[in-house]
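> I need the structure of the sequence given here:
(chains A, B, C and D)
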Number of protein chains: 2
Amino acid sequence: MPKVTLKALAKHLGVSVATVSNAFNRPDQLSAELRKHILQESEKLGFSGPNATARSLRTGRSDMIAILLSDTLEYSVSDPVANQLIKGIAEVLQDAGKDMLLLSGAKAVHSTAEALPDGFIIYGSPKNPEQLERVKQSGKPLLCVDCNLRGIGSVNIDNYQYAYDIAEYALQKQPGKVAVLGLRLIDSDRVCRLQQHELYDANEAISRRRLEGYLAAAKQQRELNAEQIWHIPVNNHHYAQIAAREALTQHPRPTLLLCMSDRIALGAISVARQLGLNIPQDLRIVGFDGIEEAERSYPALTTVAQHSDEKGRIAARMLLAGDTAENVLLPCELRLRDSC
Amino acid sequence: MPKVTLKALAKHLGVSVATVSNAFNRPDQLSAELRKHILQESEKLGFSGPNATARSLRTGRSDMIAILLSDTLEYSVSDPVANQLIKGIAEVLQDAGKDMLLLSGAKAVHSTAEALPDGFIIYGSPKNPEQLERVKQSGKPLLCVDCNLRGIGSVNIDNYQYAYDIAEYALQKQPGKVAVLGLRLIDSDRVCRLQQHELYDANEAISRRRLEGYLAAAKQQRELNAEQIWHIPVNNHHYAQIAAREALTQHPRPTLLLCMSDRIALGAISVARQLGLNIPQDLRIVGFDGIEEAERSYPALTTVAQHSDEKGRIAARMLLAGDTAENVLLPCELRLRDSC
DNA sequence: CTGTTAGCGCTTTCAT
DNA sequence: ATGAAAGCGCTAACAG
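Model (predicted):
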C-alpha cells in the first residue's frame, strides 16, 4: 500500500492539492459539501490529516510548547512542585489543542526537538547556557517561571516575603533554638552546613531569597548562625533525612526547623519520629511549597502554599496570549496546621 | 539578520551544502580539519545545527519517543505510579539522546504532534480508538505498558498473582471482615459499591485482575460480597476518602481494607485516623503499587511494590532496541510493613 | 471556488 | 573528498 499523502488523495478525488489542503485548514475556502466529501474519503483511505512535519516545515509552526526544565527530566517529573506546575501547564495546553514537550535542561544536552516548539516556558534557573542561548536566538515567545532572566517576562512568587512571614509566625509562637534545612544554597552535591562567608550571596536563586527571609525574621530575636543552616543538594527524602538527623542530634537540640521545601520538612518529620520526638511539643517544623502530601502527613505540616498548578496555568495562558513581557508575582498563603 | 540555514552557511564558507550537512551527520565523509572549521564557523554565526523539522521531513525520523497516556496529561503527570513510569522512561531516553513527548490519550484529541515520534509507548488501556488506530497505522514501533493489545509487545506485572498474595497474607495473619477499595472497576464517575452481577467481568483491565486475585484469596475463608467492594473512579485522595468513610462507618466495621492502590490506602489511613481507629489493632490496611509515600506514611503501609520506574526503563530500552514483539512480565515484591 | 506552482531546509544518491 | 540536483509533503500566493 503506497503512503497516503495529500497529493495522492487529491489525485484520487480528482481535485487539486490546494483544495484538499483547504478542506483541512481553511473551511471557508470551499463548499461545505465538498469539504465533507473530502474529509470522509480521507478517513476511508486512512489519511489522518496533513503530515505534521511537512506542515511544520512549511508554516514554521508546530503547535507544541516546550517546558525547559532546569533539571533532568526524571528529576523534574518526580519533584512534587515541578509536577504541579507541569500539571497546570498541561491543563491549559490541552484545552488549547497544543502539545507539550518536556525538555531536559541538563548540561550539555543538545536535543534536536528544541527547534520544534512554538514557545518555551523556562522553569527554574537554566543550567545550560548554550541551550538558553539557542532558545533565545529562536525568536520564539519565552516566559520564565521561578526564575528571572533579563528581558524575559516571568511568573514568580515573593520568596523572601513568605519565608519571612512563616519564620516570623513560628518564632513568635514560641522562641527557641532555630535550624534551617536549606535547599541548594551552595554548589555542592553533599549535605553540609554553611560557613559564615556563605551566609549572604548576591545570587538570585529562590533558595537564597528564602534564606534571606528566614534570616531577617530570626534577627528580631537572635542572629542566626551559619552553622545552624544546612545545605541539601537534592530535594528528596534521602538527603532531607541526613540533614535532619545532623540537625536534631545536636546538644542542645533545635526546637524549630525552618525547612525550605515540604519534602524536606516531611523528611524531618520522619527523623523526629525515629528519634522519639513529639511534634510540636518537643520540636516544631515548618515547610515551604504546599504540596498535597503535606496536608495529610502526621502531624499535618504548617507551610506556605504556593499553588504551583495555578502558576503553571497562568504562565501557559500568558505564553499562548503572547503576553510575554510582564513580570507577574503570585500570592501565596500560610497554611497553619499541626506541626508548628 | 537573515536566518542562518545550512545553505547560507555553505555559501558563506564557500563549500557545498552537502559538505556542511556531512560535517554534522557523517564525519567520515570529510577531512577532520574541514569539519572542525565548519563546526566552528557555524557556532560563530549562531547556527545551532540543521533545522530539526526539515531534517525530519527528509529522513522521516525525529529522535522523539512518545508516551501515549490513557488519561489526560495532567492526571498522568500527577499520579505517582504513572509518574514513576515516566521517570524510568525519561532516564533511558535521555541517555539515548532522545526526546520525550507526552501525548494525552483523552477522547477526541487529535494532536498534530502525534505524527512526529519515532516510536510509541502505550501506557494503560487506550481510551481513544481513533488515535490508537492512527498510531498503529503509522507503522512505527509500539510497545504496551500495563495493558495488552493484540499483536503488540508489552511490559506488565502479574496483577492477579500479587493481589492474591497480599490478600492471602493479610487474611492469614488475622481473619476478619473484609472490604475492598477498588479503583475503576466499573464505568461510573462516582464512588459506589459493586452490584452482584458486576462481580465478574471479562474485561482485561488491571483493576479487574487485581479484584480476581482478592476474590480468590478471600474465598478460602469466606466468599466476598459485592456490597463490600467499592468502586473509586479516580485514583486520588478525595475519592479514596469518600469510599473509606463509607466502608468504615458500617456496623459491623470491616477489620481489613484491601486497597487497589497506595493512594487509596493512604486516603483510608487518614479516614481511620479521623475516626479514632488504631492501625493495625482496630483496622488493617494493605495497598498496591509501592509508591514512595507509602514507606513514610504513619503507619508505614504494607503493599505490593511494582517498581514502575524499572518498568519504564525496560520498556524504553526494548522500544529503542526494536525489541517490540515480546511480552514481558516483571516481578513484584510484597512489602510487609506496619499497617497490616 | 479551484488549480498551478514555488519553495520551507534538509539529506542523499550520483557524478566528478 | 566534494558538488549538483532531486524531492520529502505541505501551504499560500496568485491566477483563473
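> near DNA strand D, which residues of the stretch 1-150 of chain A?
Residues of the stretch 1-150 of chain A that fall close to DNA strand D, judged by Cβ under 7 Å from any atom of the strand: A:3, A:5-7, A:17-18, A:21, A:24-26, A:50-51, A:54-55, A:57-59. The way it works is simple: take the backbone N, C-alpha and C, and place the C-beta from them, glycine included.
> at 6 Å instead, please
A:3, A:5-7, A:17-18, A:21, A:24-25, A:50-51, A:54-55, A:57-59 (Cβ under 6 Å from any atom of the strand).
> and the helix or strand hosting A:Ala243, which residues are buried?
Using DSSP states H and E, A:Ala243 sits within helix A:237-248. Using 16 or more other Cβ atoms under 10 Å in any protein chain shown as the test for burial, helix A:237-248 gives A:His237, A:Tyr239, A:Ala240, A:Gln241, A:Ile242, A:Ala243, A:Ala244, A:Arg245, A:Glu246, A:Ala247, A:Leu248.
> Please apply the same query to stretch A:266-275.
By neighbour count on 16+ other Cβ under 10 Å, the buried set for stretch A:266-275 is A:Leu266, A:Gly267, A:Ala268, A:Ile269, A:Ser270, A:Val271, A:Ala272.
> Return, as residue ranges, the portions of chain A with sub-threshold pLDDT.
Low-confidence segments of chain A (pLDDT under 70): A:1-2.
> Quick one: the strands in it, in order.
For chain A, applying DSSP state E gives strands covering A:64-69, A:99-103, A:119-123, A:142-145, A:154-157, A:178-183, A:192-193, A:229-232, A:256-259, A:284-286, A:303-305, A:327-330, A:333-335.
> Quick one, which of these gets closest to chain B.
With Cβ to the nearest Cβ as the criterion, chain B lies closest to strand A:99-103 of these, at 3.9 Å.
> re the thing from before, and the buried residues of helix A:237-248 as a markdown table, adding distance to A:Leu330?
Formatted as a markdown table, the buried residues of helix A:237-248 follow (distance: Cβ to Cβ, whole Å):
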| residue | distance to A:Leu330 |
| --- | --- |
| A:His237 | 27 |
| A:Tyr239 | 28 |
| A:Ala240 | 26 |
| A:Gln241 | 31 |
| A:Ile242 | 32 |
| A:Ala243 | 28 |
| A:Ala244 | 29 |
| A:Arg245 | 34 |
| A:Glu246 | 34 |
| A:Ala247 | 31 |
| A:Leu248 | 33 |
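> And those, which is closest to B:Glu212?
A:His237 (34.4 Å; Cβ to Cβ).
> ok, back up a step: so which of the residues of the stretch 1-150 of chain A next to DNA strand D are in helices?
If you go by DSSP state H, those have A:Leu6, A:Lys7, A:Val17, A:Ala18, A:Ser21, A:Phe24, A:Asn25, A:Ala54, A:Arg55, A:Leu57, A:Arg58, A:Thr59 in helices.
> What is the burial count for the fifth one?
Going back to what we said before, that points to A:Ser21. By other Cβ atoms under 10 Å in any protein chain shown, the residues close to A:Ser21 number 17.
> For it, which non-adjacent residue is closest in space?
Spatial nearest neighbour of A:Ser21, chain neighbours left out: A:Leu6 (6.2 Å); criterion: Cβ to Cβ, 6 or more residues apart in numbering or on different chains.
> ok, that neighbour touching A:Ala18?
No. Applying Cβ atoms under 8 Å, one finds A:Leu6 not in contact with A:Ala18, separated by 9.7 Å.
> So for the two, which sits in the more crowded spot?
The neighbour comparison of A:Leu6 against A:Ala18 (other Cβ under 10 Å) goes to A:Leu6, with 20 against 13.
> how near is the more buried one to B:Ser62?
Remark: distance between A:Leu6 and B:Ser62 (Cβ to Cβ, to the nearest Å) = 19 Å.
> Which parts of stretch A:157-168 count as buried, going by neighbours?
Residues of stretch A:157-168 classed as buried: A:Ile157, A:Asp158, A:Asn159, A:Tyr160, A:Gln161, A:Tyr162, A:Ala163, A:Tyr164, A:Asp165, A:Ile166, A:Ala167, A:Glu168 (neighbour count, 16+ other Cβ under 10 Å).
> would you put the C-alpha positions of that stretch in CSV?
Provided in CSV are the C-alpha atoms of stretch A:157-168 (Å, rounded to 0.1, in the frame of the first residue of the first chain):
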residue,chain,number,x,y,z
ILE,A,157,6.2,34.3,43.9
ASP,A,158,7.8,36.5,46.5
ASN,A,159,10.0,34.0,48.2
TYR,A,160,11.6,36.5,50.5
GLN,A,161,8.3,37.7,51.9
TYR,A,162,6.7,34.4,52.6
ALA,A,163,9.8,32.9,54.1
TYR,A,164,9.9,35.9,56.4
ASP,A,165,6.2,35.5,57.2
ILE,A,166,6.3,31.9,58.1
ALA,A,167,9.5,32.2,60.1
GLU,A,168,8.1,35.1,62.0
